[in-house]
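A.B. asks: Below is the sequence, then the predicted model.
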Amino acid sequence: MLAYRAGAPILAAQFLADVARLSTALGAGRHVLNVCADRYHFTVGLAASLLAGKVSLLPSTRTPEVIAKLKGFVPDAFCLTDEDECGVALPLVRFPDTAHPGERGAQTPAASVPRIDAGQRAAWVFTSGSTGTPVPHGKTFGKLLACMRVGAERLGLADGRSHAIVATVPPQHMYGFEASVLLPLASGNALCAERPFYPADICAALAAVPRPRVLISTPIHLRALMAAGLAVPETDLIVSATAPLSAQLASEVEQRCATRLLEIYGSTETGSIAARRTTATAEWRLWPEVALEPRDGETWAHGGHVEQPTRLCDLIEVTGGDRFLLHGRLADLVNIAGKRSSLAYLNHQLNSIPGVLDGAFFHGDAGDDAAAVARLGACVVAPGLSAAAIAAELRRRIDAVFLPRPLLMVASLPRTSTGKLPQEALRSIAAAQPKPTPAA
Amino acid sequence: MSDNVSSLKQPADSAGIAALTRELASLIVEALNLEVAATDIGPDQPLYGEGLGLDSIDILEIALVVSKQYGVQLRADSEENERIFASLRQLAEYVNAHRTK
């Protein structure tokens, strides 16, 4: 069993046939932006690309600006899509329509499992970095699989049973790429084609597949699932990542779903490197062979599947052996609903807008409602531009989750004599704004 | 009539839809802590992307508020899902047709 779609099984033989067929239809470009919304299609696209010696591109967002940067990075990039409308400004390759069910069995030749060299570059993933250009990180096939073989063991999914793995996360981001695509492939479990969104969808997707079944999700979706008041189908494991999960929410999930909840810690650059059972301990346990090294107040990860020594963007306290605690993010880092960026990158984008003389994002106050998603704010000096015009320009450059709320037009930014811009000063400006009253 | 239909409230007339639209505007502004006044959101103003500028996180939050307030469970595979968040009016019409509270 390789996959499920709406509860209907897709066998490995079908997958291999689909992969073989697509690998000859991808065209000449060596770099694929795989935007397939259906997770099975994405996986066929990934495998076909590997077979054809092509590298998959996984940018964290697909704004026009980022696509333009990708084209500069790899001019032969093309886009593989399974949707009727695709707004990406790259040459498009459409995922082939599947054959009629009746034809499938008869015409599918027995395809063997292709051998892919462990050292083959499977993908470029991208982080925002501190300049305006996304930073590429190469991922080799062998290391990607090795990471998820360990992941499967650490999550208890390597017991020989085939688990149906339902995921709310897209396969195009590192967490979803690993946990919802590579993990099932690497450990003999089954991926699910759907990407459920609303709580009712999540429940339906779980109910559609047989047990044992797993839910791969994030704090945002788990919180919504708990708040929806629906009966969640029995699930054998729930996994959360991309942002810290509160012990309280973890507890609620475990109790109401009568299940285990495990959290994964990782990054786009390193992939998954640690896990914990949140209700049992605050400590994370590293993947074997991955090591942490303190350097000048920062923590670097290396070893195992980690491609190269990588600076981690969180404040880490090693508690001994292979265990550590997280103490929050480094100051410049932004994590909104599990998507990561940096203030430096976002400020660069803001200041690159024609007409913007000076501009800065800031972290909002945590606020009273700890459950709500905290957004960034921004103060902008741009005489002659409206907030709406700037928002529209930002929308072309950065992911929607980072769009500032509020976006305040100001005469000048509260820079100190040395040119620094304290976050507190920016927040004060926002706090001093009058609450909006209805237009007359 | 099936049992499901008999539990729905009577469909509202246009005045009822207008009132529901205003109700939803207030709920959304409050739930998302938006900087705009509820009465400034036009009934046909796009909610997603340009317009009010909501993203998928907001949609999830609105879905929660709507389910708590009106007993409506949104489903992404419903044919109407594309249209539901096109505007306040569309959302109000959907909620009105499916509310159980």
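C.D. replies: Sure, I can see it.
A.B. asks: okay, CA-based contacts and neighbour counts for the rest of this
C.D. replies: Noted.
A.B. asks: So which residue is smack in the middle of the chain?
C.D. replies: Unless you meant another one, I'm taking chain A. Nearest to the mean C-alpha position of chain A, by CA atoms, centre = their mean, lies A:His173 at 3.1 Å.
A.B. asks: I was after chain B.
C.D. replies: Nearest residue to the geometric centre of chain B (CA atoms, centre = their mean): B:Leu91, 3.4 Å.
A.B. asks: and the gap between that residue and B:Glu50?
C.D. replies: 17 Å (CA to CA, to the nearest Å).
A.B. asks: Can you tell me the closest non-neighbouring residue to residue 90?
C.D. replies: You didn't say which chain, so I picked chain A. A:Phe78 (5.4 Å; CA to CA, 6 or more residues apart in numbering or on different chains).
A.B. asks: Actually, chain B is the one I wanted.
C.D. replies: Per CA to CA, 6+ apart, closest to B:Gln90 is B:Ile84, 5.3 Å.
A.B. asks: Dump the helix or strand containing A:Ile67 to CSV, keeping only the CA atoms.
C.D. replies: Per DSSP states H and E, A:Ile67 falls inside helix A:64-73. Provided in CSV are the C-alpha atoms of helix A:64-73 (Å, rounded to 0.1, in the frame of the first residue of the first chain):
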residue,chain,number,x,y,z
PRO,A,64,5.9,36.7,-8.2
GLU,A,65,9.1,38.1,-6.7
VAL,A,66,10.3,34.7,-5.5
ILE,A,67,9.5,33.1,-8.8
ALA,A,68,11.6,35.8,-10.6
LYS,A,69,14.5,35.0,-8.2
LEU,A,70,14.1,31.3,-8.9
LYS,A,71,14.4,31.9,-12.6
GLY,A,72,17.6,33.9,-11.9
PHE,A,73,18.9,31.0,-9.8
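A.B. asks: can you pull the buried residues of it?
C.D. replies: A:64-67, A:70 (16 or more other CA atoms under 10 Å in any protein chain shown).
A.B. asks: wait, doesn't A:Cys379 sit right on A:Met409?
C.D. replies: Yes. Counting by CA atoms under 8 Å, A:Cys379 does reach A:Met409; the two are 5.9 Å apart.
A.B. asks: So these two - more neighbours on which side?
C.D. replies: Each of A:Cys379 and A:Met409 has its neighbours counted (other CA atoms under 10 Å in any protein chain shown); A:Cys379 has more, 25 against 18.
A.B. asks: what comes up buried for the helix or strand hosting the more buried one?
C.D. replies: A:Cys379 is located in strand A:376-381, with elements delineated by DSSP H and E. Going by neighbour count (16+ other CA under 10 Å), the buried part of strand A:376-381 is A:376-381.
A.B. asks: Who are the packing partners of it?
C.D. replies: strand A:358-363, strand A:407-409, helix A:423-431 (3 or more CA pairs under 8 Å, 6 or more residues apart in numbering or on different chains; DSSP states H and E).
A.B. asks: Check which helices and strands the second one sits against.
C.D. replies: Judged by 3+ CA pairs under 8 Å, 6+ apart, the packing partners of strand A:407-409 are strand A:376-381, helix A:387-395.
A.B. asks: nearest to A:Gly364, of the ones you listed?
C.D. replies: For the helices and strands packed on strand A:407-409, the distance to A:Gly364 is smallest for strand A:376-381, at 5.6 Å, taking CA to CA.
A.B. asks: what comes into contact with that closest one?
C.D. replies: A:356-364, A:402-413, A:426, A:430 (CA atoms under 8 Å, 6 or more residues apart in numbering or on different chains).
A.B. asks: just stretch B:12-21 next, same as before
C.D. replies: By CA under 8 Å, 6+ apart, stretch B:12-21 touches B:43, B:88-89, B:91-93, B:96.
A.B. asks: Stretch A:393-407 now?
C.D. replies: A:61-66, A:336-337, A:339, A:346, A:349-350, A:353, A:361, A:375-380, A:387, A:391, A:430, B:34-35, B:55, B:57.
A.B. asks: What mean pLDDT does that stretch get?
C.D. replies: The average pLDDT for stretch A:393-407 rounds to 94.
A.B. asks: mind saving the C-alpha coords of that stretch as CSV?
C.D. replies: C-alpha atoms of stretch A:393-407 as CSV (Å, rounded to 0.1, in the frame of the first residue of the first chain):
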residue,chain,number,x,y,z
GLU,A,393,3.4,45.6,-3.3
LEU,A,394,4.3,43.5,-0.3
ARG,A,395,1.8,40.9,-1.4
ARG,A,396,3.9,40.4,-4.6
ARG,A,397,7.0,39.9,-2.5
ILE,A,398,6.3,38.1,0.7
ASP,A,399,4.1,35.3,2.0
ALA,A,400,0.6,36.5,3.0
VAL,A,401,1.1,35.5,6.7
PHE,A,402,3.8,38.1,7.1
LEU,A,403,1.7,41.0,5.7
PRO,A,404,1.7,43.6,8.5
ARG,A,405,-1.3,44.3,10.7
PRO,A,406,-1.3,47.1,11.3
LEU,A,407,0.6,48.8,8.4
